[in-house]
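# Only the shape, not the letters, is given here:
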């Protein structure tokens, strides 16, 4: 049984403003919830339509009906469980290793896929411009499949971070250097740009190392690669030599 | 103005069965429609809420209201135009070059993204198992952003094709050879497996060259890469040396 007030609170968490006020976010489905529990995210409450998560204390679990789950879910086709977790404190950005910087990524599915890719390639830090979609957006959480727990996020003024850093800064541009023929370092910041407009002008000025992924084939093409796909290919290139 | 019968026909094209009976498919949005027109797809009719596509003959264009567009669109938020095209005859599969084979890919978004990636890397042929999602599914067409016009599709019995081919056959498996350390040929067939189950048993037996994309980082991980992401990384590896 879930109260009217709980329904109201949980639904408010579909919006960034109320996630920030309440310092809470939602995750749905056994797999994602289990990954967050394993990663020691602080649980507020699990709502499920059948008994699940044996290891979780009873006072942290509420059995609800399918209709109730439908009322609180952010999914078109709800799963059998939804959990509310506390948003952890932002860890400090540490200037080492390979770091991905996101300049105004707007699509939650893209951000979720990028997080999964970063997790696969052992990227432990992602820095995001303030207008990048919120990592605690329910659609991002679902798309990460739990890998969010292994990546540290910092939302900050990208221009200022990139101006100050001692690490080499890379960014993808149509006229950049062929990534397949470059020597790449073990440490650096790789900037990925907005879905429609690419890297913003202010940041383009700071990016010293312009790179590009070559196209193949003979036919004339107007299309570009999706930003998550481009991230995968570039991280693969940075990792393959080490 | 669009008649009741036209609305009925166009809506039926949201389903594979009726696309096959009528040999028609739908595409939405200026960009996708323009790419298909450029590629000489045979147009049945364009429905738009404002005058568009100057180069198209008037008898091939119908002005409709926003409400009418909503009735025929397959999108949650309709664009300003929808076109009906004839499904072209399937071209014969030609056994040369680098070919991608899809073993039961079910998600239309994944198939659309894979087509864009193949287009980028100059892959001109994709062979699909019969249970792979239909390439003329409206969601696939939207996700390809028009790049479908540059890739040839064949739906056929994959097992039989892979048994007969003289080309080397590659497939991704958890215990495959590190793709970064392999010599790869210029020609071959690369099999990508189902989202949940990977490559099927029948096909696993035929795949002589098992490959894998290494993971990085020290933390324990349970997640795999999305099939479209894996396709991008593997095609990048096959193309980067030539």
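That came through, no problem. This structure is a prediction, so every number in the text was calculated from the model and none was measured. Residues are numbered from 1 along each chain as shown, chains lettered A, B, ... in the order given.
# What residues of whichever strand in chain A runs longest count as buried?
Taking DSSP state E as the criterion, chain A has its longest strand at strand A:169-178. By 16 or more other CB atoms under 10 Å in any protein chain shown, the buried positions in strand A:169-178 come out as A:169, A:170, A:171, A:172, A:176. Where you see a C-beta, it was placed from the backbone N, CA and C, and this is true even at glycine.
# hang on, residue A:101 in a strand?
Yes. Counting by DSSP: H, G, I helix; E, B strand; the rest coil, residue A:101 is found in a strand.
# And the pLDDT for residue A:145?
pLDDT recorded at residue A:145 is 82.
# where does it fall, phi/psi-wise?
Note on residue A:145: its backbone torsions stand at phi 60, psi 30 [degrees, to the nearest 10].
# Could you check how far it is from residue B:226?
Plainly put, residue A:145 is 9 Å away from residue B:226 if you go by CB to CB, to the nearest Å.
# With residue A:143 instead?
From residue A:143 to residue B:226 the distance is 9 Å (CB to CB).
# Would you mind listing the residues touching both of those two?
A:113, A:116 (CB atoms under 8 Å, 6 or more residues apart in numbering or on different chains).
# how close does residue A:106 sit to residue B:208?
Distance from residue A:106 to residue B:208, counting by CB to CB: 43 Å.
# Check residue A:155 too.
48 Å.
# Leaving out the residues flanking it, which one is nearest to residue A:44?
residue A:84 (4.1 Å; CB to CB, 6 or more residues apart in numbering or on different chains).
# Would you reformat the buried residues of strand A:169-178 as JSON lines and include pLDDT and distance to residue B:241?
Shown next, in JSON lines, are the buried residues of strand A:169-178 (pLDDT from 0 to 100; distance: CB to CB, whole Å):
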{"residue": "A:169", "pLDDT": "98", "distance to residue B:241": "28"}
{"residue": "A:170", "pLDDT": "98", "distance to residue B:241": "22"}
{"residue": "A:171", "pLDDT": "97", "distance to residue B:241": "25"}
{"residue": "A:172", "pLDDT": "93", "distance to residue B:241": "21"}
{"residue": "A:176", "pLDDT": "94", "distance to residue B:241": "20"}
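# re earlier: and residue A:155 and residue B:208? which has more neighbours close in?
residue A:155 (16 against 10; other CB atoms under 10 Å in any protein chain shown).
# Now do the more buried one against residue A:90, distance only.
8 Å.
# So what pairs up with residue A:43 in the strands?
Taking DSSP bridges as the rule, residue A:43 bridges to residue A:85.
# which ones are touching it?
Shown in contact with residue A:43 (CB under 8 Å, 6+ apart): A:37, A:56, A:60, A:83, A:84, A:85, A:86.
# Let's see the pLDDT reported for it.
97.
# residues shared between the contacts of residue A:145 and residue B:226?
Joint contacts of residue A:145 and residue B:226 (CB under 8 Å, 6+ apart) are residue A:116.
# The two: who's more crowded?
residue B:226 (24 against 20).
# can you list the domain ranges for chain A.
By the assignment in automatic domain parsing, chain A contains the domains A:4-86, A:98-239.
# Please report the number of neighbouring residues for the residue nearest to residue A:44.
Residue A:84 is flanked by 20 other residues according to other CB under 10 Å.
# Now for the closest residue to residue A:104 other than its chain neighbours: which residues touch it?
Among residues not flanking residue A:104 along the chain, residue A:194 sits closest, at 4.2 Å (CB to CB, 6+ apart). Going by CB under 8 Å, 6+ apart, residue A:194 touches A:103, A:104, A:105, A:106, A:200, A:227.
# and if you look at residue A:91?
So residue A:91 contacts A:152, A:154 (CB under 8 Å, 6+ apart).
# Go ahead and report the secondary structure state at it.
coil.
# do you know how far residue A:75 is from residue A:69?
On the measure of CB to CB, residue A:75 and residue A:69 end up 10 Å apart.
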